[in-house]
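Novice: below is the sequence, then the predicted model.
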Amino acid sequence: MKALVIFSSILLFFSCDVKKKGIPRISEKEAAEYSIKGDTVYLRGNKIAYLNLMEWEYHKGKLVREISLVQFDRTAQNETLRLISYIRRQHPRSKIEVKFKEEN
């Protein structure tokens, strides 16, 4: 039994990445490349996402705003974290979700 507890503890220790990276912060220069007009987010003048919905959620005693974006280019997933970081600068206490536009 003791061996099982030790093995489980070791497995848990190695399966949890205590140094997980959060959302990277973008610089002022990078943030200046983004703009929002209406419900559309632009990067260097190109449409990259749009606001799908904004909703409020009451969770664990707190009121949380959820911002749901739809990213146009599914292949630009490496840009998704930068998009989230930009939106987080505008709305630091909001929950942010990014989905990808469905192909027709």
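Specialist: Nice, I can see it.
Novice: run through the protein and note the low-pLDDT ranges.
Specialist: Counting by pLDDT under 70, the chain shows low-confidence ranges at 1-21, 103-104.
Novice: tell me, what residue is most central in it?
Specialist: Central residue of the chain (C-alpha atoms, centre = their mean): Ile84, 4.4 Å from the mean position.
Novice: my guess is that residue contacts Val98. True?
Specialist: Yes - with contact defined as C-beta atoms under 8 Å, Ile84 counts as touching Val98 (6.2 Å). C-beta: built from backbone N, CA, C; applies to glycine.
Novice: circling back to that earlier point, OK, contacts around the residue nearest to the centre of the chain?
Specialist: Ile23, Ile96, Val98 (C-beta atoms under 8 Å, 6 or more residues apart in numbering).
Novice: now do it against Tyr58, distance only.
Specialist: Ile84 is 23 Å from Tyr58, where distance means C-beta to C-beta, to the nearest Å.
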